[in-house]
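J.: this one's sequence-less:
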């Protein structure tokens, strides 16, 4: 089984029209729908994308970097390619095994969920 990106969006901006004021200094929170290639369903994941310049200007205290993609400048095609490449590498015997691999990089809606 393999995971695929079903959609990439942003709650704050229309990604199709978004261009940051400074392509080398921005932060963007992405909403990802990822599921199995052979299924129409998907789970929700989140990812923060930013530049080193943005980090240098806004982060003053030590901070963990999980669920973060750092890029040199804003390029939506490049960002999407990095996301899709990682997701395509996530395979497993079932969705649970795949989702655990995805959750290493992305915030998963069911991470730490207990029934």
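T.: Arrived safely, thanks for sending. If you're wondering where the values come from, they're calculated on a predicted model, not measured in any experiment. Numbering: from 1, shown residues only.

J.: count the neighbours of residue 76 for me.
T.: 16 (other Cβ atoms under 10 Å). For glycine as for every other residue, the C-beta is placed from the backbone atoms N, C-alpha and C.

J.: for residue 99, give its distance to residue 41.
T.: With distances defined as Cβ to Cβ, to the nearest Å, the gap from residue 99 to residue 41 amounts to 12 Å.

J.: now do residue 34
T.: Per Cβ to Cβ, residue 34 is found 10 Å from residue 41.

J.: quick one: which of these two has more around it?
T.: The neighbour count for residue 34 versus residue 41, taken as other Cβ under 10 Å, is higher for residue 34 (23 against 9).

J.: partners of the more buried one in the sheet?
T.: Taking DSSP bridges, one finds residue 5, residue 43 as the beta-bridge partners of residue 34.

J.: next, the contact list for residue 47, please.
T.: With contacts taken as Cβ atoms under 8 Å, 6 or more residues apart in numbering, residue 47 has the following neighbours: 29-30, 32, 67-69, 83, 105-107.

J.: just among these, which is most surrounded?
T.: For these, counting by other Cβ under 10 Å, the largest number of neighbours falls to residue 106: 25 neighbours.

J.: pretty sure that one is touching residue 46, no?
T.: Yes. Residue 106 lies in contact with residue 46 (Cβ atoms under 8 Å); the separation is 6.4 Å.

J.: can you pull out the helices in the protein?
T.: When assigned using DSSP state H, the helices of the chain occupy the ranges 52-58, 76-88, 95-102.

J.: is it true that residue 95 touches residue 1?
T.: Yes. Counting by Cβ under 8 Å, a contact exists between residue 95 and residue 1, whose distance comes to 7.1 Å.

J.: identify the contacts common to those two.
T.: Contacts common to residue 95 and residue 1, judged by Cβ under 8 Å, 6+ apart, are residue 36.
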